[in-house]
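Peer 1: Need the 3D shape of this:
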Amino acid sequence: IFYQLLRGASDEQKKKYHFDDGHTHGLELANHYHYTGQGGAPQLREFTDEEGLQYTLKGMKSLGWDEAKRDTVFSLVAGLLHLGQINF
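Peer 2: Residues are numbered from 1 along each chain as shown. Sure thing, here's the model as predicted:
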């Protein structure tokens, strides 16, 4: 879901979850974040992460999750990605 959100989020979602391309120094978002960039952020041949996000959204909707619940899940995922950027 990390790659799906980074690659499939709309511009509005990227702004909402603070995925700013301006801070990546030219890297694709998935390569910029520590948790998703360690393996080179591979692209799958079978399907794209953008398509995967649509399937994930469809599944969430079929479970009866409203937009608020889906947003909460995506906010948590975004928060985890941002936490991975912290160095101690």
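Peer 1: Surely residue 32 and residue 23 touch.
Peer 2: Yes - taking Cβ atoms under 8 Å as the definition, residue 32 is a contact partner of residue 23 at 7.5 Å. Where C-beta positions appear, they are placed from N, C-alpha and C, glycine not excepted.
Peer 1: Compare those two (neighbour count), which wins?
Peer 2: residue 32 (20 against 11; other Cβ atoms under 10 Å).
Peer 1: Helices along the chain, start to end?
Peer 2: 2-8, 11-16, 29-32, 34-37, 49-62, 67-83 (DSSP state H).
Peer 1: Can you add mean pLDDT and give the ones you listed back as a markdown table?
Peer 2: Formatted as a markdown table, the helices of the chain follow (pLDDT from 0 to 100):
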| stretch | mean pLDDT |
| --- | --- |
| helix 2-8 | 92 |
| helix 11-16 | 92 |
| helix 29-32 | 82 |
| helix 34-37 | 87 |
| helix 49-62 | 95 |
| helix 67-83 | 96 |
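Peer 1: Need the contact partners of stretch 71-86.
Peer 2: Under the criterion Cβ atoms under 8 Å, 6 or more residues apart in numbering, residues 1-2, 5-6, 13, 17-19, 33-36, 60, 65 lie in contact with stretch 71-86.
Peer 1: Thanks a lot, catch you later.
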